[in-house]
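**Student:** What follows is a predicted structure for the sequence shown.
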Amino acid sequence: MATQILLKNIDVPGLAGFQVYRNLGGYTAVEKALKTLTPDEVTDEVKKSGLKGRGGAGFPTGMKWGFIDKQSGKDRYLVCNYDESEPGTFKDRHIGTLNPHQLIEGMILGSYALGAKTAYIYIRGELFYVLNIIEKAIQEAYNNGYLGQNILGSGYSLDLYCHPGAGAYICGEETALLESLEGKRGNPRIKPPFPAIVGLYGCPTVVNNVETIATLPWIINNGSDAYAAIGVGNSKGTKLISACGHINKPGIYEIELGLPVEEFIFSDEYCGGIRDGNKLKAVVAGGSSVPILPAELILKTAAGQPRLMSYESLSEGGFQTGTMLGSGGFIVMDHTTCIVKNLLTFARFYRHESCGQCSPCREGTSWMEKILTRIENGQGTTKDIDLLVDISKHVEGNTICPLGDAAAWPVASAIRHFREEFEEHIKLQKCPF
Amino acid sequence: MQDNIKISEFSRETLDLVNRIINRYPKGREKSALLPLLHIAQSENNGWLSPEMMDYVASLLKIESIEVYEVASFYSMFNLKPVGNCVIEVCQTGPCWLRGAENILAHFEAKLGIKPGETTQDGKFTLKTVECLAACGNGPVIQVGKEYHENLTTNKADELLEKWKRENKISHTNPYL
Amino acid sequence: MPLLKVTIDNIEVEVEAGTTIMNAARKIGGSVVPPAMCYYSKLEGSGGKCRTCLVKVAQGSAKDPRPMPKLVASCRTLVQDGMVVQNITSPEAMESRQAITEFLLLNHPLDCPVCDQAGECHLQDLSYVHGLQETRTVEERRTFKPIDIGDKIKLNMNRCILCYRCVMVGDQITEKRVHGVLGRGDHAEISTHIQRAVDNDFSGNMIDVCPVGALTDNTFRFKSRVWFTKPFDAHRECKKCSGKVVLWMKGEELLRVTGRKDKYGELEEFICNDCRFDHKETGDWVIEGPRTIERHSVISQNHYLTNPGDAVRIVK
C-alpha cells in the first residue's frame, strides 16, 4: 500500500469534525511550527521536500513562497485555489468535503510561513455545499484557538475566510482568481508583475492549490526528508489522481509518484481495468488540457520504457510522443470512443470558459469549436484538419494566460495521434461511431 | 424614482449576513463581497438577477451599477433572465459525455418538453447545460441548487423529477443557510 | 538614473528604466514600431489584449541573455539593459501577427464601404500590412444590431475588437461609466446592459479612441467619406477642455469635430462633448491652418502635395 498523506483517514466517520481530526493527530503540525519553527524554517522544509504545486503547472511550492516580497511593508496574503474545474479533475472536492481541517491546518502553516495575517479559500461557486462544510470547520478552528488572535499563545494571528466563485474555469488561473476575489470579472492579469510582488489588493500574495496546501501538515510533522524519500526523480511525494471515463473503478487515488501507468489502469488496487473487458484506446492523463495519448504511448514511452505516473516520465518525448501529469485528472477512453466527439466537448468547454480578453483565445477557441462541430457532423473538409492544426498553433503561446495553450494542446494532440479518425469523419460525411 | 419600479431590499437577517461577509475584506475593498452578495441576491430574487436587484447590490457596496452588470454577466452561475423554480443543470463536458450525459440531457428534454435554456410553461423547471462540475468520476452529473446528483441514469432522473414535482422544488435558496 | 540600451530590429536606442518595448520602438520610429490595436499611452492599464504587437525577445538583458520563451506583448513588457528585440526581423513575430490579424477579422463584418471609420481605421491598416490574401473561415459571423448609446454615439458591436479602450475612457476620463464589457469569451460585448444613455461631458472621446468603426459619431453619420473632407487645426475658448480640435471640412461645411491625434492615432488631448458635438459652425472656431497628415494616410489623397519626409502639408 502506498503512503497515504491526503486520504489516510478519509474513511473515518466524522473526520470533517474538529475532534475526530484532532484525535487522529490533527493540528500537531501547527503546534510544532508555531512553537518550534520560524516562518523561514517552515519555508525551508517545504523547499527541501520537493513538493510541487498540485494544481497542474507543477511549480515548486517552496520556490514560489521564496519569491514573496517580504520587504514591501504591505500585508501579505495566502490564497487557496479551490476553483477545481479542469475536466477530469475532481480530487479537491473530496478533501474539502471529507477532510476540511487538514486543508485549514495547511492554510495556517502556509500563512505562518509567508507572514500572512489574512488568508482566503477561493472555492468554485458550484461547490457551495463544500464551502458550507469548510466554513463550519473554520468556525471550529476559531473556537479551539487555531485561528484568530494569538494562536496557541504564539503571538501569531490569522483570519481565514472562504470566498465563492460563480462559474468560471478561468478563475483557476491565479491572477484571474485574484481579480475575482476582488469582485471583478475573472480576466487574467498581464504578467509580470507576478502575485508574489503584486497580488491581492496590490499586495504580495501566494496562490496554492488545495492538495498542495493539505500536504503541508504531513511535511511539517514528518520532515522534508521523509517526504522527499517518496516518489521518483524530481517527482517527490504522493499525488491524488482522479480517474474517470471507461474504467471499472472511477475514483480518487493517492499514488506514490513513479507508479507505472499500466499498473494504475489495470490493477484492482486502482482503476481495475477497462469496462466490459473493452480495449484501451486513449488516455488524457492530466486534465483535459494535456495532450491525449493513444494506448501504446501512455503505457510505454516512444523509447519502449514503461511509462510512469511522474512529472518526468509522462512528459518524456515532449508533445510529440508524451504528455503531462498536469492536475492528475486521468480520463480513460475505450475503443468505442469517438476521439473527435470527445475533443469537440473539450473545445466547447474552452470556448465557453475563455474570458474573451485577448483575441487569439477568444476567436481561436470559438473557431476551433465551429470547425470540429462541422467535422463531427460530417460536414468537414480535408482542409479543415490542417486549418485546425494551424489555428491551434497560433493560439498556443500567443495569449495572456495559459487557457490558450490549454485549448490548443488537445486539438493538436488529437490530430497528431488520431488523424485518420478525423479523415474518416470527412470521408464518410458522418461520425463513424 | 417612479412608483412602479420595485425597489429590491434584503431582510434584516440577510443584511446581517451581508455585513458579516463584507467585513471579511479590508476596508475600502468592499467590492470583494460582490460575488457572495450576488449569490444571495439571486436566491432572494426567484433565482435570477434583475437590473433592479443588481442596482440594489451596487448600492450596498457603493459601486456603479455597470460594475455589477459586468461581473454578473461574466459568471455562468448568474441568471440574467427569469428562470423556473427548479433549475436543472446538466454537465456535458468530456468525462460526463463519456459516461452517457447526452442520454441524460435528451431524457430531461423529452420529459420536460423543453430544450436547454428554456423553462416549462408552468414555470416549474428550467433546463440548462453546464460545463465541467468537477465530479467526473461519478458522471453523468447534474446540479440542482447546491445539490449534486451523480451516477445518473434515466431511472434515477425520473425518480428525481417525480420527487421535485411532488415537493414543488425550489433550487434557489440562500446558499449560506 | 542611467539609461537602458535596447536593440530593436538591429537599431539601438537608449531609454529610461520603466519604458516598454513599444515606447522604445516609438522612440526609434518608422517600421520597427509594432502596431497597437488596444494599447493607448494615455489610458492607464491599456494594452496586452489584442496581441498584435507581439515581438520576439532574442536576448532578455545583458545580465541574463537568455531569450524569452514566448513572444511578448511589446506594449506591456519593460525593456532591460542590453535587451535585444526582433519585431519585423522576426519571422515568428510576423507569422503571429498575421494570425492575430486573421483572428481579429474572423467576426468582423468587413463592411468598410458603409463604415464611417473607413480611411482612418486601424484594423484596415493592420490588414493591409499583415492580412491574408484570402479568407479561410466559412463560419457564420456573430451579428448585433447597431444601437445608440446616448444620442451622439453609435455602437456597432459587429465591428468591435474588444480593445477595452472605450471602457477605460469611461473610467478614467468621464465622471461616471455606464457602459462596459458584458458577457465573456466569444459572447463578450460592449453594452450598457439595460438601455442607458452614455451622457457626460467627455463621453465623445470614446469615438476617438476606438480603433475601428464600433463607436462612431452620430452627428457625422454617413455625411461623407473621411477622405473627401479636409482637416484643419482649430481652437476655441472652452471652460471644460483645451478647446484644441481638428475640424473636418467639406467645402465650407463643417462636418465633424475630433480631437487632435498624433502619428500613432492617439489623441493629444481629450476634448469635451460641447466642442465635439455642439459647435458645428466655422464661426465658432479660430482656424489655425491645415492639419499635418501622414503621407500614407488615405486622407491625404487628392488634397496634398508630397514633401520630402513622412508628413505633408495641406495645399489650400
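**Tutor:** Done, it's in. Numbering: from 1, shown residues only, chains lettered A, B, ... in the order given.

**Student:** Please identify which residue in the stretch 1-150 of chain C comes closest to chain B.
**Tutor:** Going by Cβ to the nearest Cβ, chain B is nearest to residue C:149 of the stretch 1-150 of chain C, at 11.7 Å. All C-beta atoms are positioned from the backbone trio N, CA, C, and that covers glycine.

**Student:** any idea how far that residue lies from residue C:180?
**Tutor:** According to Cβ to Cβ, to the nearest Å, residue C:149 stands 11 Å off from residue C:180.

**Student:** Spell out which residues are contacts of both of the two.
**Tutor:** Any residue near both residue C:149 and residue C:180 by Cβ atoms under 8 Å, 6 or more residues apart in numbering or on different chains counts here, and that gives residue C:192.

**Student:** residues near the residue of the stretch 1-150 of chain C closest to chain B, how many?
**Tutor:** 23 (other Cβ atoms under 10 Å in any protein chain shown).

**Student:** and the residue nearest in space to the middle of chain C, what element?
**Tutor:** Nearest to the geometric centre of chain C sits residue C:211, at 4.0 Å (Cα atoms, centre = their mean). Assignment of secondary structure by DSSP states H and E places residue C:211 within no helix or strand.

**Student:** State the distance from it to residue C:117.
**Tutor:** Taking Cβ to Cβ, one finds residue C:211 at 9 Å from residue C:117.

**Student:** do the same with residue B:142
**Tutor:** Distance of residue B:142 to residue C:117, computed by Cβ to Cβ: 47 Å.

**Student:** what do you get for residue C:155?
**Tutor:** Separation of residue C:155 from residue C:117 (Cβ to Cβ): 13 Å.

**Student:** With neighbour numbers in mind, choose between these two.
**Tutor:** For the pair residue C:155 and residue C:117, the greater number of neighbours falls to residue C:155 (26 against 21), based on other Cβ under 10 Å.

**Student:** quick one, what contacts the more buried one?
**Tutor:** C:146, C:147, C:148, C:149, C:190, C:214, C:215.

**Student:** cool, residue A:12 as well?
**Tutor:** Contacts of residue A:12 (Cβ under 8 Å, 6+ apart): A:20, A:24.

**Student:** mind checking which helix or strand it is in?
**Tutor:** Using DSSP H and E, residue A:12 sits in no helix or strand.

**Student:** Correct me if wrong: residue A:213 contacts residue A:113.
**Tutor:** No: Residue A:213 lies out of contact with residue A:113 (Cβ atoms under 8 Å); the separation is 11.2 Å.

**Student:** Same drill for the two, tell me which one is more crowded.
**Tutor:** residue A:213 (29 against 26).

**Student:** Nearest spatial neighbour of the more buried one, chain-adjacent residues omitted?
**Tutor:** residue A:106 (3.7 Å; Cβ to Cβ, 6 or more residues apart in numbering or on different chains).

**Student:** wouldn't the one you found be in contact with residue A:216 here?
**Tutor:** Yes: under the criterion of Cβ under 8 Å, residue A:106 makes contact with residue A:216 at 4.1 Å.

**Student:** quick one: which of these two has more around it?
**Tutor:** Using other Cβ under 10 Å as the criterion, residue A:106 and residue A:216 rank with residue A:216 on top: 30 against 27.

**Student:** Might you enumerate the residues of chain A proximal to chain C?
**Tutor:** Neighbours of chain C within chain A, by Cβ under 8 Å from any Cβ of the partner chain: A:168, A:185, A:190, A:351-360, A:362-367, A:370-371, A:387, A:394, A:397-400.

**Student:** Of these, which belong to helices?
**Tutor:** Counting by DSSP state H, those place A:351-353, A:359-360, A:362-367, A:370-371, A:387, A:394 in helices.

**Student:** can you pick the most crowded of the residues you listed?
**Tutor:** Sorting those by how many neighbours each has (other Cβ under 10 Å) puts residue A:364 first, at 32 neighbours.

**Student:** Spit out the contact partners of the residue lying closest to that residue once chain neighbours are set aside.
**Tutor:** Closest residue in space to residue A:364, ignoring its immediate chain neighbours: residue A:395 at 3.8 Å, by Cβ to Cβ, 6+ apart. Listed by Cβ under 8 Å, 6+ apart, the contact partners of residue A:395 are A:360, A:361, A:364, A:365, A:368, A:404, A:405, A:407, A:408.

**Student:** and the residues you listed, which two are the farthest apart?
**Tutor:** Farthest apart among these by Cβ to Cβ are A:368 and A:405. That separation is 13.1 Å.

**Student:** Cheers, nothing more for now.
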